[in-house]
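# Build me a structure from this.
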Amino acid sequence: MAKKDLRFNSKTIHGGQHPDKAYGAVMPPIYQTSTYAQTTPGGHQGYEYSRSANPTRTALENALASIENGNHGLAFASGLAAIDAVLKLLKPGDEVLATNDLYGGSYRLFKRVYENFGIIFRFLDMQDAKAIETEISHATRMVWLETPTNPLMNIVDISAIAKITKQKGLLLAVDNTFASPYLQRPLELGADIVMHSATKYLGGHSDLVVGALVVNDTDLAEQLYFIQNASGAICGPMDSFLTLRGIKTLHVRMQRHCENGEAIAHFLNAHHKIEKVYWPGFESHPNHAVAKKQMKGYGGMISFVPKGGNYADAIKIVEKLKIFTLAESLGGVESLAGHPASMTHASIPKNEREKIGVVDALIRLSVGIEDVDDLIADLAQALD
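Numbers count the residues shown, from 1 in each chain. Coordinates of the predicted model:
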């Protein structure tokens, strides 16, 4: 069986990978070098300078393409560096339609960096895919979406939006960080570009910062490779190696994230001190049917609001947690708790945040792979 035909769980370990040619190393070696010997000017073995390409990074990029069922993978210094490369495909006057509930760092890059260069951004509720069709203008060039969204776990129908963008000749880019390729593969649903903060589930161990893009179209890949090399925001060989190591256990980790996430979502939903729980696995979730159709499971990300809660109540709860660590980021083996209003989404103005439901009392959980009874006990004592 060819490696490209492997099922997902096998692809995480073998997809796009080959034993090292020098000594047959099973894991791609860490090529900790900046430059490569040439026999004559331009006479090299595929590598000349590590900003342009590095064998360890190449191995990671091949693995990224494999697990997303794409043709081309690119690895960057961070998720935001990957988004930055995508935005460099645009020119002044171009418009991007983006989900109105999205990561604060993405919002900051859009509004405070690229608007200064003449790119136009409009933020829309994309839970009803048909609603965006009327919003497309003559200047629209790209649709940027997250699903599930950060932090309200809204679900966007990727295939429905892809039909619209293809008819209109627009690029569709999907931030797939919360789902990971284990749960959802946007290229298969019609997206043109998939982005990951590989810092999260792909790395999985909270010990690296890496971003990723995966595409199918060769011309688009060449444009992005040029930007990657010209701008230079690449990840180094050690971070490439660590991400590769993380990918090899993605499937088993995601199974436990999903199992624990489901148990905790139901615990919180039944708790008398909780007003609202955001998790796409509930049948009451507005787009549960879409999530069930395009995802393999519902993930380990959950947000909730304490009953009658305010800023002070949320802070008390997250400070009382003992197993859940109060920290930025998500997707590691350990459980994390965050307060979006003061942490991940602090760069979004308060009135904009609250319009979409990111209130001061909102708490976001990244459910890890610990014993779920210990995690529930921790939440119970913090809510007491």
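# contacts, neighbours, all on C-alpha from now
Will do.
# so what's the closest residue to I317 other than its chain neighbours scoring on pLDDT?
Nearest non-adjacent residue to I317, counting by CA to CA, 6 or more residues apart in numbering: A382, 5.4 Å away. Predicted confidence (pLDDT) for A382: 98.
# For E275, see how far away K200 is.
Separation of K200 from E275 (CA to CA, to the nearest Å): 28 Å.
# more neighbours, these two?
Applying other CA atoms under 10 Å to K200 and E275 shows that K200 carries more neighbours, namely 26 against 15.
# now that one, nearest residue through space, not along the chain?
G331 is the one closest to K200 (CA to CA, 6+ apart), at 4.4 Å.
# name the helices or strands packed onto the helix or strand that contains A82?
Assigned by DSSP states H and E, A82 belongs to helix 79-87. With contacts taken as 3 or more CA pairs under 8 Å, 6 or more residues apart in numbering; DSSP states H and E, helix 79-87 sits against helix 104-108, strand 193-197, strand 211-215, helix 218-231.
# What segments of the stretch 51-200 of the chain are helices?
55-67, 79-87, 104-108, 130-133, 158-168, 180-183 (DSSP state H, counting those that start in this stretch).
# who's in contact with the helix holding A82?
75-76, 105-106, 109, 114, 195-199, 209-213, 224, 227-228, 233 (CA atoms under 8 Å, 6 or more residues apart in numbering).
# then that helix to CSV, C-alphas only?
Extracted in CSV, the C-alpha atoms of helix 79-87 (Å, rounded to 0.1, in the frame of the first residue of the first chain):
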residue,chain,number,x,y,z
GLY,A,79,0.5,30.6,13.5
LEU,A,80,0.4,34.3,13.1
ALA,A,81,3.4,34.2,10.7
ALA,A,82,1.5,31.7,8.6
ILE,A,83,-1.6,34.0,8.5
ASP,A,84,0.8,36.9,7.7
ALA,A,85,2.0,35.0,4.6
VAL,A,86,-1.6,34.4,3.4
LEU,A,87,-2.4,38.1,3.8
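# got the angle for it vs helix 218-231?
120 degrees (axes from the mean of the first three to the mean of the last three CA atoms, to 10 degrees).
# average pLDDT for helix 79-87?
Per-residue scores along helix 79-87 average to 98.
# Report the buried residues of it.
The neighbour-count check on helix 79-87 (16 or more other CA atoms under 10 Å) flags 79-87 as buried.
# All set, thanks.
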